[in-house]
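K.L.:
model this:
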Amino acid sequence: MYFRLIIFYLFILMACSENNNSSNLEIPLRSEIDSKYKWDLTAVYETDAAWELDLEELKKLYPKMADYKGKLLSNPETLLNSIELSENINQCFGKLYHYASNSLNADLTNEKYQKMVQRIGNVAIKSGEVTAYYTPEILMSDYSVLEKFMQKEPKLRVYEKDFKDMYIAKPYILSEKEERILTMAGKLSGVPNEAYDIMRATDFKWGTFEDENGNNLTMSPGRYGKYTKSTDRRVREDMYKALYVPFKNSLNTTSVLMKGNVEGHIFYTKARGYENTLEAKMKGSGISTDIYKNLIKSVNNNLQPLHRWAELKAELLGVDKIKPFDTYAPLADFSREYTYEEGQQMVLEALQPLLQANDGELQKFTEKMYSENLIDVFENQGKESGAYMSSTWDLPPRIKLNFSGTLDDVFTLAHELGHAYHSYLSQKNQPYPYYGYDTFNAEVASVTTESLLMDYLLANVENDEEKAVLLQNYIQNIGSTYYRQTRFAEFELLMHEAAEDGQILTEDFLTTNFGDMYSKYWGSSMEITDEEAYSWSRIPHFYYNYYMYAYATSFAAGEKISERVQNEGQAGIDGFITFLSSGSSDYPVELLNLAGVDMTTSEPFEAVSRKMNFLMDELESILK
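P.N.:
Predicted coordinates:
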């Protein structure tokens, strides 16, 4: 529905993953990469000119929404027609953004695609202004009017959940004039994130470091995954310092951007009358703030596994205390690089129980992803760092990687395929209004597929050295996803609560509190560095408004689902597929119940701690 989905598009237009821009000539140009390893966006629009034609059609389409002003509830047919028009508009938005954003992320220095993304964002803002009347006009009537409409026009019944959600949110919906003002302000609220992304993509000058062979390299985020696992502590430290050179040089700027980002969230919170920013975020998803706070409380009550891991790592590395650049240091004398094709096959084999369900539906889907240029594989100059899955209605999902041959890269492939399965099955099984899914559930599928891959590899390991590497990677994954993302969630809450109480978010405030929180989580066997204290400035997700807690809750839920698949076989698989197919047909916590996970209890969180301790027991038995 227009009144719900336009907000989603405004969000994705403003939100990007970590960016990467490196002038190092050892990173290939995009033109130098074989076409079979690059996604083919001509399947979306054959040419940029075709995109321009669709944009012009959209500009003609969205003003038609004004024709329904004052008439929405005149009769069921009029309401249905307005909704169908809004869906047509949003589907057009999705296709246009899918093409422009993915084209840009392949080369962030491309000014043409920068402008295309900005232009579709501008149209989204203008479209939102035109439809500012929509929700307030519906809410002027009693819900009983909609009930009668649904009885008279059965096609309206599919929107029943959306209708109910509107009336739940009624206390926070403003007048038409006020809604229009908030929509216009939406572009301003995205400026801190946009400025941060562009600064990282175009202005950052990365430091240099020497590798194990004395080669002088320019740092890039794409190299972090490789050299953070170097066996040479000097290389790890130099790489780490090179990574933080541009962040240190821009601290004054990033602290102001973060201040503006949080103040933007507070502005919308106050404008709509929510008690605080956390409530404003969670209520929109039908999730209690208690779940957010319970995550932080549960993890803080059991930091022992992470403290134990720091102590164990210091002992095995032969140092009194580890430092942040030791976090991923290898403990076993075993290493190998994986070709992309090897990674593909490993994931296929590991996920067979899931892929073969329903007559091999996901097996066929995975093979399509592999063979039809739907995955952008390798790093190139200007390409956005990190990985993501991009999906919109009536188009196959696309995956962006920066595959460099590490085991982590293989797990990233499994991770992003998990997202793709969720999007594919939800789009196939849900009507348009509910094919998307809330951020609370967004990482569950990807964590589950990673966990299934790990269980498969551990079961098929050939020697203790390789098993030790796998165990270490699993433990580190718990640390970097479950504990780290909870720490970020706690810091995000601290920032917002402090600003709501009148505290100015200065660079000193942010750095001091982030450093203190890091030390609390890791314990006495970790020696924090200056760089780590200001590493808040490196995390783009802080601009996404209470997003990161969902990584931690999703991790716990994903581990529980993986456990069910391993222990219960087909019943666990069936529950998982039912969840993957559910989209947003119900509220997030209720949908997880379909997969046998109850997030209102402490069990999912306690299970993660138990598993981490078990894995460390296994690792100690090999290495000690």
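K.L.:
After the longest helix anywhere in the chain, which helix or strand is next?
P.N.:
Using DSSP state H, we find that the single longest helix of the chain is helix 76-106. Per DSSP states H and E, helix 76-106 leads on to helix 111-130 as the next helix or strand towards the C-terminus.
K.L.:
Now find how far off-centre that following helix is within its chain.
P.N.:
22 Å (CA atoms, centre = their mean, to the nearest Å).
K.L.:
Next: stretch 509-520.
P.N.:
24 Å.
K.L.:
And the average pLDDT for that stretch is what?
P.N.:
Taken as a whole, stretch 509-520 carries a mean pLDDT of 98.
K.L.:
Show the contacting residues for the nearest residue to residue 406 once chain neighbours are set aside.
P.N.:
Nearest residue to residue 406, sequence neighbours excluded (CB to CB, 6 or more residues apart in numbering): residue 225, at 5.6 Å. Backbone N, C-alpha and C define where each C-beta goes, glycine included. Each residue near residue 225 by CB atoms under 8 Å, 6 or more residues apart in numbering is listed here: 404, 406, 408, 409.
K.L.:
tell me which element residue 399 falls in.
P.N.:
Going by DSSP H and E, residue 399 is part of strand 398-400.
K.L.:
hmm, back to that, quick check: helices, which of the contacts of residue 225 are part of them?
P.N.:
408, 409.
K.L.:
C-alpha coordinates for stretch 349-358, PDB please?
P.N.:
What follows is stretch 349-358, C-alpha atoms only, in PDB (Å, rounded to 0.1, in the frame of the first residue of the first chain):
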ATOM      1  CA  GLU A 349      26.500 -29.300  -0.700                       C
ATOM      2  CA  ALA A 350      26.000 -27.800   2.800                       C
ATOM      3  CA  LEU A 351      22.500 -26.600   2.100                       C
ATOM      4  CA  GLN A 352      21.200 -29.800   0.500                       C
ATOM      5  CA  PRO A 353      18.600 -30.600   3.100                       C
ATOM      6  CA  LEU A 354      17.000 -27.200   2.600                       C
ATOM      7  CA  LEU A 355      17.600 -27.000  -1.200                       C
ATOM      8  CA  GLN A 356      16.000 -30.400  -1.900                       C
ATOM      9  CA  ALA A 357      12.700 -29.600  -0.100                       C
ATOM     10  CA  ASN A 358       9.600 -29.100  -2.200                       C
END
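K.L.:
which parts of the longest helix of the chain are buried?
P.N.:
The neighbour-count check on helix 76-106 (16 or more other CB atoms under 10 Å) flags 76, 79, 82-83, 85-106 as buried.
K.L.:
now the helices: where do they sit in the stretch 401-550 of the chain?
P.N.:
407-429, 439-442, 444-459, 464-477, 484-500, 507-522, 530-533, 549-568 (DSSP state H, counting those that start in this stretch).
K.L.:
possible to save those helices as TSV with mean neighbour count and distance to residue 239?
P.N.:
Output for these, formatted as TSV (neighbours: other CB atoms under 10 Å; distance: least, CB to CB, whole Å):
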stretch	mean neighbour count	distance to residue 239
helix 407-429	23	15
helix 439-442	23	31
helix 444-459	24	25
helix 464-477	20	17
helix 484-500	21	19
helix 507-522	18	19
helix 530-533	18	11
helix 549-568	23	25
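K.L.:
rewinding a little: could you list every helix and strand in contact with the strand holding residue 399?
P.N.:
When contacts are defined as 3 or more CB pairs under 8 Å, 6 or more residues apart in numbering; DSSP states H and E, strand 398-400 packs onto helix 76-106, strand 375-376, strand 388-390, helix 407-429.
K.L.:
Quick one: closest of those to residue 250.
P.N.:
helix 76-106 (21.6 Å; CB to CB).
K.L.:
Give me the average confidence score over that closest one.
P.N.:
Over the span of helix 76-106, the pLDDT mean works out to 97.
K.L.:
Tell me, please, where in the chain the pLDDT is lower than the cut-off.
P.N.:
Residue ranges of the chain with pLDDT under 70: 1-25.
K.L.:
didn't residue 267 look like it was pressed against residue 185?
P.N.:
Yes - in this structure residue 267 lies within contact range of residue 185 using CB atoms under 8 Å: 7.4 Å.
K.L.:
how about the strands of the stretch 151-300 of the chain, start to end?
P.N.:
According to DSSP state E, counting those that start in this stretch, the stretch 151-300 of the chain carries its strands in the segments 208-210, 216-218.
K.L.:
For the last one, list every residue counted as buried.
P.N.:
If I follow you right, that is strand 216-218. Those would be 217, 218, for strand 216-218 by 16+ other CB under 10 Å.
K.L.:
Quick one: end-to-end length of stretch 518-530, please.
P.N.:
Counting by CA to CA, to the nearest Å, you get 12 Å between the two ends of stretch 518-530.
K.L.:
Kindly report the same for stretch 277-290.
P.N.:
Rule used - CA to CA; the end-to-end distance of stretch 277-290 is 14 Å.
K.L.:
Just checking the distance from that stretch to the centre of its chain.
P.N.:
Using CA atoms, centre = their mean, the offset of stretch 277-290 from its chain centre is 18 Å.
K.L.:
can you list the residues that contact it?
P.N.:
Contacts for stretch 277-290 (CB under 8 Å, 6+ apart): 165, 168-169, 172, 262, 265-266, 268-269, 272, 274, 291-292, 438-440, 493, 496, 500, 545-546, 587-589.
K.L.:
Please check those residues and keep the buried ones.
P.N.:
Among those, those scoring as buried are 165, 169, 172, 262, 265-266, 268-269, 272, 274, 291-292, 438-440, 493, 496, 500, 545-546, 587-589 (criterion: 16+ other CB under 10 Å).
K.L.:
so the longest helix of the chain versus helix 111-130, what angle?
P.N.:
Between helix 76-106 and helix 111-130, the angle comes out at 160 degrees (axes from the mean of the first three to the mean of the last three CA atoms, to 10 degrees).
K.L.:
distance between helix 76-106 and the chain's centre?
P.N.:
That offset, for helix 76-106, works out to 21 Å (CA atoms, centre = their mean).
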